[in-house]
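1. Provide a 3D model corresponding to the input given below.
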Amino acid sequence: MSFTRYPGDGTRTHGSTRIHPSTSPQRSSLPQRPGPSRLLGHWAPPGPARRRSASLGWSPQLAVRLALVAWGVVVVALWWFDTSASSVHGAGLIMTAAGRVSGLLAAYLVLVQLLLMARMPVFEHAVGLDRLAAWHRGLGTNIVLLIVVHVLLTVWGYGLTEHHQPLSELVTVVTTYPEMWKATIGTLLFVGVGVASARAARPHISYEVWYLLHLTAYVAVLLVYSHQTATGADFVGHPANRLLWQGMYVAVAACLVIWRLLLPIAAVVQHRMTVEHVVDEAPGVVSVWVRGHDLHRLGALPGQFLLWRFAARGHVVSAHPYSLSAPPQPHRLRITVKAAGDHSRAIAHLRPGTPVVAEGPFGHFTAEHATRGKALLIGGGSGIGPVRALAEDLADRGDDVVVVHRASRASDLALRRELEELAGDGRLVLHRVVGSRRDLGYDPLEARFLDAAVPDVTERDVFVCGPTGMTHAVVRALRGLGLCSDQIHTEEFTLR
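-> Below you'll find the model as predicted:
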């Protein structure tokens, strides 16, 4: 394993370092700094005292959170103002009221989930598609729980009020109440999607099957909406509430139609993208060059990703996120993909001329978020693609750029030659870090090794992209060195 600076012309050097496979981390040739550490030109003890607090000021992400919470309060207010004190007297009525509230919140959060993944620019720019997807996943479990709680509390409350057993009351409700068969099917569909999205189930379900299951959620939304407006105590006899509820559904549907259907179709017509050729970069890693018309109108920046569909078998059903691995050109784009599943593995077999559909661009992994004039970029696996594109963009604008290229084997260093050329021209400093943690017995990207290889790391914006385990470990190391949250930039591409 080596943590080695690639020898460029010496215009920007931070020293050459090497860790020999036979040595332990304690006996490495990297500078060891037990006790006090020298940072930012002064001596300070390691640990929390070196950490600088991130700003707690207003942010677009916070604004989105507050707006969603505020509208949730409005939804609960529908129940509050239409419920008298006498209607929540006794165990049965209290349980029924709690069931009504949980049902309203579940329906509202379903709309929020759809809105989060509607590809709306205002949300994507404020939060980022990767974080929106994380919010979407987190809400999914809560929605299923709220739906189950809604059913249990409502039926149980009815049973207590009517002096019936809960099971017999459930049968009565499903078989005699209007629109209840629709609600039952919708509930089962939501539970099925929730089970398929569970962390334990995800590794055993292909992306395509998972995607098709999620499409049934649209059917479930329509079925549940019909049940709510036909029998919901907050809507029957309350035309203002009904109109507000209908407006919410229409607004979300319009966002989905515009940004998930109409604009992608318009982009296909405008850009007419096709596969130009596929290039092998490393074992299991290929680059796909895509040619099209007026691609600069996409507004894509180096480091961003798009959601790609290819008109080939196994690629049409669902879109997959892949980053640009080179600065975009007016008529050409490039993505670099590592084989990590059936879809990514099949990318290598795409033929020239294959039509391409791309949604986006998305992501905050861009030079716009590097404000210090000095940047450290750490890439591993397929994460080296956006790192390579971003490195050239930062170097072009004159920033001091250091790139750490992480791989288990030297043969896995995809895009190695391009990074070496940039380093050879003196535009950046390149460190290659080769060797698996299993063989070494330690992580070569630990805080002390990063500190030794890049002594001014705390003065830099740091961009990290790679496997989830590597990204999380590096972020922990950077926080241990005292970097603020606004210095650390990551991007995850998992949308499920």
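2. ok, and what's touching stretch 173-188?
-> Residues outside stretch 173-188 that contact it (Cβ atoms under 8 Å, 6 or more residues apart in numbering) are 147, 151, 154-155, 158, 219-224, 226-227, 230-231. Every residue, glycine included, has its C-beta placed from N, CA and C.
3. got any ranges where the stretch 201-350 of the chain has weak pLDDT?
-> For the stretch 201-350 of the chain, the stretches flagged by pLDDT under 70 are 342.
4. going along the chain, name the strands of it.
-> For the stretch 201-350 of the chain, the strands defined by DSSP state E, counting those that start in this stretch cover 273-282, 285-291, 305-310, 320-323, 332-338.
5. cool, the stretch 51-200 of the chain as well?
-> With DSSP E, counting those that start in this stretch as the criterion, the stretch 51-200 of the chain has no strands.
6. could you chop this structure up by domain?
-> Following automatic domain parsing, the chain resolves into domains at 2-25+366-490, 82-267, 272-362.
7. make CSV out of these and add distance to Gln61 and mean neighbour count.
-> Output for those, formatted as CSV (distance: least, Cβ to Cβ, whole Å; neighbours: other Cβ atoms under 10 Å):
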stretch, distance to Gln61, mean neighbour count
domain 2-25+366-490, 12, 19
domain 82-267, 5, 16
domain 272-362, 15, 19
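8. tell me which of those domains approaches Gly72 most closely.
-> Counting by Cβ to Cβ, Gly72 lies closest to domain 82-267 out of the domains of the chain; the figure is 5.9 Å.
9. relative to the whole chain's centre, how far out is that closest one?
-> 23 Å (Cα atoms, centre = their mean, to the nearest Å).
10. pull the most distant pair out of the contacts of stretch 173-188.
-> Spanning the widest gap among the contacts of stretch 173-188 are Tyr158 and Val219, at 26.6 Å by Cβ to Cβ.
11. is it correct that Phe123 is in contact with Ala63?
-> No. Phe123 is beyond contact range of Ala63, at 10.6 Å (criterion: Cβ atoms under 8 Å).
12. so what sits against both of these two?
-> Any residue near both Phe123 and Ala63 by Cβ under 8 Å, 6+ apart counts here, and not one turns up.
13. what's the first-to-last distance across stretch 349-360?
-> Start-to-end span of stretch 349-360 (Cα to Cα, to the nearest Å) is 24 Å.
14. give me the residues contacting that stretch.
-> Identification of contacts with stretch 349-360 by Cβ under 8 Å, 6+ apart yields 119, 264, 267-268, 271, 273-278, 288, 290, 292, 298, 300, 304-312, 315, 319, 333.
15. now do 7 Å
-> Here stretch 349-360 makes contact (Cβ atoms under 7 Å, 6 or more residues apart in numbering) with 119, 264, 268, 273-278, 288, 290, 300, 304-312, 319.
16. cool, stretch 283-291 as well?
-> Taking Cβ under 7 Å, 6+ apart as the rule, stretch 283-291 contacts 273-281, 325, 331-339, 347-348, 350, 356, 411-412, 414.
17. check the offset of that stretch from the chain's centre.
-> The chain centre lies 22 Å from the centre of stretch 283-291; the measure is Cα atoms, centre = their mean.
18. repeat that for stretch 391-409.
-> Counting by Cα atoms, centre = their mean, stretch 391-409 comes out at 23 Å from the chain centroid.
19. which residue packs closest to Glu459, ignoring adjacent ones?
-> Distance criterion Cβ to Cβ, 6 or more residues apart in numbering; nearest residue to Glu459, sequence neighbours excluded, is Lys374 at 5.7 Å.
20. what do you get for Leu483?
-> Thr458 (5.9 Å).
21. look up how far Arg397 lies from that neighbour.
-> For Thr458, the distance to Arg397 (Cβ to Cβ, to the nearest Å) stands at 22 Å.
22. and the pLDDT for the nearest residue to His364 once chain neighbours are set aside?
-> In space, not counting the residues next to it along the chain, His364 is nearest to Gly128; the distance is 4.7 Å by Cβ to Cβ, 6+ apart. Gly128 is assigned a predicted lDDT (pLDDT) of 82.
23. ok, now the one 10 residues further on?
-> pLDDT for Gly138: 84.
24. Asp443 belongs to a helix, doesn't it?
-> No. Counting by DSSP: H, G, I helix; E, B strand; the rest coil, Asp443 is not found in a helix; it is coil.
25. give me the pLDDT for it.
-> 86.
26. cool, Ser86 as well?
-> 69.
27. for Arg12, same thing?
-> 38.
28. same question for the one 10 residues further on.
-> Among the per-residue scores, Ser22 holds a pLDDT of 30.
29. just Ala133 next, same as before
-> At Ala133, pLDDT is 84.
30. that one and Val193, how far apart?
-> Distance, Ala133 to Val193, by Cβ to Cβ: 15 Å.
31. again with Cys255
-> Applying Cβ to Cβ, the value for Cys255 to Val193 is 20 Å.
32. do Ile347 as well
-> 27 Å.
33. compare the domains of the chain and report which one is nearest to Leu68.
-> Closest to Leu68 of the domains of the chain is domain 82-267 (Cβ to Cβ; 5.8 Å).
34. residue contacts, Arg460?
-> Arg372, Lys374, Ala375, Leu376.
35. show me the residues you listed that map onto strands.
-> Lys374, Ala375, Leu376 (DSSP state E).
36. for Arg272, see how far away the second one is.
-> In this structure, Ala375 lies at 35 Å from Arg272, with Cβ to Cβ as the measure.
37. the last one too?
-> Between Leu376 and Arg272 the distance, using Cβ to Cβ, works out to 39 Å.
38. wait, Leu104 sits on Val75?
-> Yes. With contacts counted by Cβ atoms under 7 Å, Leu104 reaches Val75, the gap being 5.3 Å.
39. which neighbours do those two have in common?
-> In contact with both Leu104 and Val75: no residue, using Cβ under 7 Å, 6+ apart.
40. longest helix in this structure, by residue count?
-> helix 129-162 (DSSP state H).
41. tell me what it is packed against?
-> Under the contact criterion of 3 or more Cβ pairs under 7 Å, 6 or more residues apart in numbering; DSSP states H and E, helix 129-162 touches helix 91-116, helix 166-176, helix 180-196.
42. please repeat the previous calculation with a cut-off of 8 Å.
-> The helices and strands touching helix 129-162, judged by 3 or more Cβ pairs under 8 Å, 6 or more residues apart in numbering; DSSP states H and E, are helix 91-116, helix 121-127, helix 166-176, helix 180-196.
43. okay if I get these as TSV plus distance to Gly424?
-> TSV is the format used below for those (distance: least, Cβ to Cβ, whole Å):
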stretch	distance to Gly424
helix 91-116	44
helix 121-127	36
helix 166-176	72
helix 180-196	49
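44. indicate which one of those helices is closest to Gly466.
-> Using Cβ to Cβ, these put helix 121-127 closest to Gly466, at 21.8 Å.
45. CA atoms only for the closest one, dumped as PDB, please.
-> Included here for helix 121-127 are C-alpha records, laid out as PDB according to Å, rounded to 0.1, in the frame of the first residue of the first chain:
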ATOM      1  CA  PRO A 121     -35.600  22.600  -9.000                       C
ATOM      2  CA  VAL A 122     -36.500  24.700  -5.900                       C
ATOM      3  CA  PHE A 123     -36.200  21.700  -3.600                       C
ATOM      4  CA  GLU A 124     -33.200  20.200  -5.400                       C
ATOM      5  CA  HIS A 125     -31.300  23.400  -5.300                       C
ATOM      6  CA  ALA A 126     -32.100  24.000  -1.600                       C
ATOM      7  CA  VAL A 127     -31.500  20.500  -0.300                       C
END
